[in-house]
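Chemist: Here is a sequence together with a model predicted from it:
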Amino acid sequence: MDRTTMGKPLAIYYLDNPKVAVTGGQKYNARLKQCLTDYSGISITDMPQMFGYYRGWKYPLAPLLELGRLRAFKRGDIVFFSDTAYLYHLLLLTLSGMFKHTYNVCIIHHFPWLGQKGLVAGIRKVLMKWYYRQMNEIIVPSPFTLDVAKHTFPSVKTTYIPLPFEHRFAPAANYEKGYLLFVGTVEPRKGIHLLLEALTHIKSDYQLHIVGQVVDDCYMQRLKQYITAHDLDSKVIFEGAADKEQLNRFYDRAELFVFPSQLEGYGIVLIEAMQHGLPIVAFDNTAMPYSIEDGVNGYLVQNKNTTAMAEKIEQIMGNEDERAKIQDGIKQHINLLHTQNDFVAGVHSFWNNLI
């Protein structure tokens, strides 16, 4: 592939790119797009995110309505797919080859089937795997997603462009004892219901602060009902979404970071918490063991074992010696993280190989 097609600049499209990046994955995609634009000199066209648009009678027809995007495939040369809209794009991807063979790239942040069970999950797993196998190339941002992709899709070209981090370690001089912090979107995947269950086993004085945007209103209502039923109203505070400055203040006040998520491709907030010197308690699923070495730079407990999570939280709260030991491990881990230079080099290599 050359930088031009028939003398015209390459046409590149980004499907389902939101106007405002909220999640870590969306921020990574936006950063990749900007870096690619700067390096290639080619403008990349956004095709707006459609989540929330297909409601009511439109929802089951979404795959058909998405065929309107075939015009982009007719004009385009390279199309970037998201890993969250595969149900919308299965038919689109199937028919796209009839108009023009675009070079299709999917950026994959996590593999949802790893955290799902049952018949519906099994069907989605089959469809998702088929979707990924139709790509010419997939991009992954973490060692965990790289390992899964290579094992699951050995025939698909896989490119690792690492998430960039600063080698920064700045623990707060003062923190509030018993201040537990969770940062992440409020949705079932994040496992907040499991954390609330763990809290019912804790006898020590604490207060949990949940920072993040609510993306599932029904789930939020279930959490509130559980909180009321178990007399946790004074123990659990929903802080809502926070900007960077506000988030830093939450990190600086916290004694402990708790992360019950059931599915992560990396878990960027784990690194953010480490940069603020926070000991972390998390379940040992998906990407968590790639960032946390139990007892060295954080703590891992058996997945969904809420009693074990409660015991670990109580063990660490107020333990200054354990906190100092974990912070030594955190500093070593942070120094090994990939930086912006590694990310830029990965994007440049991807583009040079592509053209």
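Modeler: Ah, there it is. Numbers count the residues shown, from 1 in each chain.
Chemist: moving C-terminal of the helix or strand harbouring Lys224, what's the next helix or strand?
Modeler: Using DSSP states H and E, the secondary-structure element containing Lys224 is helix 217-229. Per DSSP H and E, the first helix or strand lying C-terminal to helix 217-229 is strand 236-240.
Chemist: How about Asn297, nearest residue that isn't a chain neighbour?
Modeler: If the residues on either side of it in the chain are set aside, Asn297 comes closest to Gly329, at 3.5 Å by C-beta to C-beta, 6 or more residues apart in numbering. Just so you know, the C-beta spots here come from the backbone N, C-alpha and C atoms, and that holds for glycine as well.
Chemist: hey, C-alpha coordinates of the helix or strand hosting that neighbour in PDB?
Modeler: With the criterion set as DSSP H and E, the secondary-structure element containing Gly329 is helix 320-334. Listed next in PDB are the C-alpha coordinates belonging to helix 320-334 (Å, rounded to 0.1, in the frame of the first residue of the first chain):
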ATOM      1  CA  GLU A 320       2.200   1.600  57.700                       C
ATOM      2  CA  ASP A 321       5.000  -1.000  57.400                       C
ATOM      3  CA  GLU A 322       3.100  -3.000  54.800                       C
ATOM      4  CA  ARG A 323       2.300   0.300  52.900                       C
ATOM      5  CA  ALA A 324       6.000   1.200  52.800                       C
ATOM      6  CA  LYS A 325       6.900  -2.300  51.500                       C
ATOM      7  CA  ILE A 326       4.300  -2.100  48.700                       C
ATOM      8  CA  GLN A 327       5.400   1.400  47.700                       C
ATOM      9  CA  ASP A 328       9.000   0.100  47.200                       C
ATOM     10  CA  GLY A 329       7.600  -2.500  44.800                       C
ATOM     11  CA  ILE A 330       5.400   0.100  43.100                       C
ATOM     12  CA  LYS A 331       8.400   2.300  42.300                       C
ATOM     13  CA  GLN A 332      10.200  -0.600  40.600                       C
ATOM     14  CA  HIS A 333       7.200  -1.400  38.600                       C
ATOM     15  CA  ILE A 334       6.600   2.200  37.400                       C
END
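Chemist: hmm, who's touching that helix?
Modeler: If you take C-beta atoms under 8 Å, 6 or more residues apart in numbering as the criterion, helix 320-334 is touched by 165, 167-169, 171, 271, 274-275, 277, 279, 291, 293, 296-299, 315-316.
Chemist: Counting neighbours, what do you get for Gly41?
Modeler: Counted with other C-beta atoms under 10 Å, the neighbours of Gly41 add up to 8.
Chemist: Which secondary structure element is home to His110?
Modeler: With DSSP H and E as the criterion, His110 is inside neither a helix nor a strand.
Chemist: quick one: the nearest residue to it once chain neighbours are set aside and Ile210, what's the gap?
Modeler: Residue nearest to His110 in three dimensions, not counting chain neighbours: Gly265, with 3.5 Å by C-beta to C-beta, 6+ apart. Distance check for Gly265 against Ile210: by C-beta to C-beta, to the nearest Å, it reads 21 Å.
Chemist: Quick check: buried residues in the helix or strand Phe80 falls within?
Modeler: Mapping Phe80 onto the secondary structure by DSSP H and E places it in strand 78-82. For strand 78-82, a neighbour-count test (16 or more other C-beta atoms under 10 Å) marks 78-82 as buried.
Chemist: List the contacts of that strand.
Modeler: Contacts of strand 78-82 from elsewhere in the structure, counted by C-beta under 8 Å, 6+ apart, are 10-17, 29, 33, 44, 72-73, 89, 93, 96, 102-107, 135, 354.
Chemist: Identify each buried residue in stretch 259-273, please.
Modeler: Judged by neighbour count using 16+ other C-beta under 10 Å, the buried positions of stretch 259-273 are 259-273.
Chemist: Tell me where the stretch 1-150 of the chain has helices.
Modeler: All helices of the stretch 1-150 of the chain, identified by DSSP state H, counting those that start in this stretch, fall at 24-40, 62-65, 70-75, 86-96, 119-133, 143-152.
Chemist: Please identify which of the ones you listed is closest to Asp284.
Modeler: Shortest separation from Asp284 across these is recorded for helix 143-152, at 12.5 Å, computed as C-beta to C-beta.
Chemist: In the stretch 251-355 of the chain, mark out all the strands, start to finish.
Modeler: Using DSSP state E, counting those that start in this stretch, the strands of the stretch 251-355 of the chain run over residues 256-259, 280-283, 299-301.
Chemist: Show me where the chain dips below the pLDDT cut-off.
Modeler: 1-8, 49-52, 99 (pLDDT under 70).
Chemist: Report the contact partners of the spatially closest residue to Gln116 that is not a sequence neighbour.
Modeler: With sequence-adjacent residues excluded and distances taken as C-beta to C-beta, 6+ apart, Gln116 is closest to Arg124, at 7.0 Å. For Arg124, the set of contacting residues under the criterion of C-beta under 8 Å, 6+ apart consists of 87, 112-113, 116.
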